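K.L.:
give me a 3D structure for the following:
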Amino acid sequence: MEITANLIEAHIFKKYNNDIEFLLLKRSDKEIYPGLWQMVTGSIDGREKASQAALREIREETGLTPIQFWAVPNINSFYSAETDEICVIPVFAGLVESDAKIIISEEHTEYRWVTKDEAKTMLAWPGQRNSVEIIADYFKNENTYLNFIKISV
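P.N.:
So this is what the prediction gives:
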């Protein structure tokens with residue numbers, strides 16, 4: 001069994017009435033896990049850094065470029081029975097303008113802006129829900145004990 005790190009998870013959010021909302025995307029029927037709600041996800045290509053892959057996937061899947069971007073102090077993971085691999089996934093967060101225009105790719109059929117609590121009910125995996133909680137806690141409650149690393153866009 002191998003441990004791989006070739007995927008990313010990127011949570012897009014906007015500030016809204018002293019709160020934040022998360023962007024969730026519904027997977028197309030042509031994709032693996034059809035109909036599943038998720039944040040931006042994708043593969044790291046070639047010699048890309050994980051942060052570069054996350055920014056590229058955000059642009060490809062939503063047409064957005066974050067105005068600020070961070071590495072979240074959280075790593076998601078899962079076991080793939082198909083490949084007999086443990087996959088570790090760096091997590092990123094991107095702030096976009098409140099009036100940002102979204103252009104979804106063919107990988108998705110719709111999008112929604114949702115609250116933290118709504119996101120936690122819509123996301124399938126505990127690690128994704130945990131990432132939402134960490135991001136909301138950091139940006140809404142301004143917790144300083146967490147170390148979000150800002151990345152140039």
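
K.L.:
quick one: low-confidence ranges for the protein?
P.N.:
Scanning the chain for pLDDT under 70 picks out the ranges 142-145.

K.L.:
do you know how far Arg33 is from Ala124?
P.N.:
Check again: residue 33 is Tyr, not Arg. Distance of Tyr33 to Ala124, computed by C-beta to C-beta, to the nearest Å: 8 Å. (Each C-beta comes from the backbone N, C-alpha and C, glycine too.)

K.L.:
off-centre distance for stretch 128-147?
P.N.:
13 Å (C-alpha atoms, centre = their mean, to the nearest Å).

K.L.:
how about stretch 6-18?
P.N.:
With C-alpha atoms, centre = their mean as the basis, stretch 6-18 stands 6 Å off its chain's centre.

K.L.:
list the buried residues for it?
P.N.:
Neighbour-count burial for stretch 6-18 flags 7-14 (criterion: 16 or more other C-beta atoms under 10 Å).

K.L.:
possible to save those as CSV with secondary structure and distance to Tyr79?
P.N.:
Output for those, formatted as CSV (DSSP: H, G, I helix; E, B strand; the rest coil; distance: C-beta to C-beta, whole Å):
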residue, secondary structure, distance to Tyr79
Leu7, strand, 13
Ile8, strand, 18
Glu9, strand, 16
Ala10, strand, 22
His11, strand, 22
Ile12, strand, 27
Phe13, strand, 28
Lys14, strand, 33
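
K.L.:
going by distance to Thr83, which of the residues you listed wins?
P.N.:
Closest approach to Thr83 among those (C-beta to C-beta): Leu7, at 12.0 Å.

K.L.:
I am finished for the moment; much appreciated.
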